[in-house]
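Student: The sequence isn't on hand, but the structure is:
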């Protein structure tokens, strides 16, 4: 009859071999799964990259930054003056939201206009504020291929604003009905480097 020590010694050896084989098998499985998991991650990353590359960006994409330039302003009495302007645009990540400030000054006139605009399905909507005269209101319009056309309104003021962008150059046209302090603005801006 075998002693308990011999029995458990042999059984311990078998158990040790079995554990070693099981460990090697599990390592192989884990390596295979890790490789499969890494491959899946790479495939998902490529799919997401391709999807984002195909996704259309909003119309404000490319406007972000500081712009400066000059132009002319037509006052209510018909006087025409040279004007200097500075604009700053902050654009949301997807290009469908815009925060804008436009400050302009001539020899006798200045305005400080800020606006918050959103885009959806080709339509623009938002709010605006002119700080130096404490005026504010709504804006509505459309966006088409680098051209934005909006109507700005308030209880005491309305104007049409058109902004056209080509690369690092931009033109802004504002026209208002006769009878007010301002009837027209024409500005050409360049983006700062």
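Tutor: That came in fine, so what should we check first? Everything numeric here is computed off the predicted structure, so don't read it as measured data.

Student: Please name the residues that touch residue 139.
Tutor: Going by CB atoms under 8 Å, 6 or more residues apart in numbering, residue 139 touches 115, 117, 124, 125, 126, 127, 128, 150, 151, 152, 153, 161. Bear in mind the C-beta positions are built from the backbone N, C-alpha and C, glycine included.

Student: how many other residues sit next to the last one?
Tutor: Neighbour count of residue 161, defined by other CB atoms under 10 Å: 21.

Student: For residue 153, pull up the helix or strand it's in.
Tutor: Using DSSP states H and E, residue 153 falls within strand 147-154.

Student: In its sheet, which strands sit next to that strand, and in what direction?
Tutor: Take DSSP bridges as the rule and strand 147-154 pairs in its sheet with strand 135-144 (antiparallel), strand 157-166 (antiparallel).

Student: Check what contacts that strand and list those residues.
Tutor: Contacts for strand 147-154 (CB under 8 Å, 6+ apart): 59, 117, 124, 128, 135-142, 158-165.

Student: Buried subset of those residues as a ChimeraX selection?
Tutor: Per 16 or more other CB atoms under 10 Å, the buried members of those correspond to this ChimeraX selection:
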select :59,117,124,128,135,136,137,139,141,159,161,163,165
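
Student: next SSE after the least confident helix or strand in the chain by mean pLDDT?
Tutor: Using mean pLDDT, DSSP states H and E, helix 4-54 stands out as the lowest-scoring helix or strand of the chain, at a mean of 45. Going down the chain from helix 4-54, the next helix or strand is strand 65-75, by DSSP H and E.

Student: quick check: angle from the helix or strand just after that following strand to strand 157-166?
Tutor: Later in the chain than strand 65-75, the nearest helix or strand by DSSP H and E is strand 80-91. Relative orientation of strand 80-91 versus strand 157-166 (axes from the mean of the first three to the mean of the last three CA atoms, to 10 degrees): 70 degrees.

Student: what about strand 80-91, average pLDDT?
Tutor: Averaging pLDDT along strand 80-91 gives 94.
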